[in-house]
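Enquirer: the following comprises the amino acid sequence and a computationally predicted model.
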Amino acid sequence: MKEYHKILYYNKGIMGSPVIAFDKLDGSNIRVEWSKKRAFYKYGTRTQMLDKTHLQLGNAVTVFEEKYFDKLHQYFSTERDYRTLQSITIYLEYFGPNSFAGQHEPTDKMDIVLIDVWRHGKGWVEPKDFVKEFSTFGIPEIIYRGNLNNELVQDIKNNVYNLKEGVVAKGTQQTKRVDKKVWMVKIKANVWYERLKQRYGQKAVLDELEGDLSILN
């Protein structure tokens, strides 16, 4: 089951290129694998396998089953572009109202939201297609459509859109590699870093930025 890639910061993106920027939900990444015969049968965090017995994240499986299992299985089983695929891996964010930096409050009512779809042999579903095909199932809010530019970066940093964390901006490029056609970068609000510093200290901020404090400017 394909692991979800690490999303780089905006300075690694293709400035000036068209993007769709989605609300970056502050939670834990969950992946689920599908096949036509077995439906959704394999679960994981970003790096480990997962089932309902997992102490912290096992409930994510239950929440996924209630919200997405039947509807997405029906869609993948019948839609022409999906029904012949060997396997599909979907990626979701699991979070609650008080989730922060991957940590969750035990008493929160949790939600899970679809953020990406990987098709075996065909790669990521392109951003515009992802919106068209999966909006009715529940995806992150679209914050911005347009070119990736400095104005957008500063608006997100200054939290003009009043977001909890920031955005993930997704675009496409011409390439023969299915794993590189869709690219994505993150932009975070500076207030999120302030919360991170207050809760976990300056080192946590440095680790998040991999020592590159210029991202805050």
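Expert: Thanks, I have it. Residues are numbered from 1 along each chain as shown.
Enquirer: OK, contacts around the residue lying closest to Y82 once chain neighbours are set aside?
Expert: Nearest non-adjacent residue to Y82, counting by C-beta to C-beta, 6 or more residues apart in numbering: F76, 4.4 Å away. The C-beta positions use only the backbone N, C-alpha and C, and glycine is treated the same way. The contact partners of F76, by C-beta atoms under 8 Å, 6 or more residues apart in numbering, come to W34, K36, Y82, R83, L85, I88.
Enquirer: how about 10 Å then?
Expert: 34-36, 39-40, 82-83, 85, 87-88, 90, 117, 119 (C-beta atoms under 10 Å, 6 or more residues apart in numbering).
Enquirer: restricted to strands, list these.
Expert: Per DSSP state E, strands hold the following members of the contacts of F76: W34, S35, A39, F40, I88, I90, V117, R119.
Enquirer: PyMOL command to pick out the buried ones of the residues you listed?
Expert: The buried subset of the ones in strands among the contacts of F76, as determined by 16 or more other C-beta atoms under 10 Å, is captured in PyMOL by this line:
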select buried, resi 34+39+40+88+90+117+119
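Enquirer: of all the ones in strands among the contacts of F76, which comes closest to I143?
Expert: Using C-beta to C-beta, V117 comes nearest to I143 of those, at 19.8 Å.
Enquirer: what sits against the nearest residue to the closest one once chain neighbours are set aside?
Expert: Nearest residue to V117 in three dimensions, chain neighbours excluded: V125, at 4.4 Å (C-beta to C-beta, 6+ apart). V125 makes contacts with 81-82, 88, 90, 116-119, 131-134, 182, as judged by C-beta under 10 Å, 6+ apart.
Enquirer: of all these, which comes closest to F100?
Expert: F100 lies nearest to D116 out of those, by C-beta to C-beta, at 21.8 Å.
Enquirer: which one's the longest helix in the protein?
Expert: helix 190-200 (DSSP state H).
Enquirer: mind checking how far it is from the chain centre?
Expert: 21 Å (C-alpha atoms, centre = their mean, to the nearest Å).
Enquirer: tell me the helix or strand right after it.
Expert: With elements assigned by DSSP states H and E, the helix or strand that comes after helix 190-200 is helix 202-208.
Enquirer: the residue of the chain most remote from its centre and R145: what is the separation?
Expert: Most distant residue from the mean C-alpha position of the chain: K37, 26.4 Å away (C-alpha atoms, centre = their mean). Distance, K37 to R145, by C-beta to C-beta, to the nearest Å: 38 Å.
Enquirer: I'd say V185 and I215 touch.
Expert: No: contact criterion C-beta atoms under 10 Å: V185 and I215 do not qualify, at 11.1 Å.
Enquirer: looking at those two, which one has more neighbours?
Expert: V185 (22 against 19; other C-beta atoms under 10 Å).
Enquirer: show me what that one bridges to in the sheet.
Expert: Beta-bridge pairing for V185 (DSSP bridges): L8, A169.
Enquirer: who's in contact with it?
Expert: With the criterion set at C-beta under 10 Å, 6+ apart, V185 makes contact with 7-15, 19, 21, 148, 153, 167-171.
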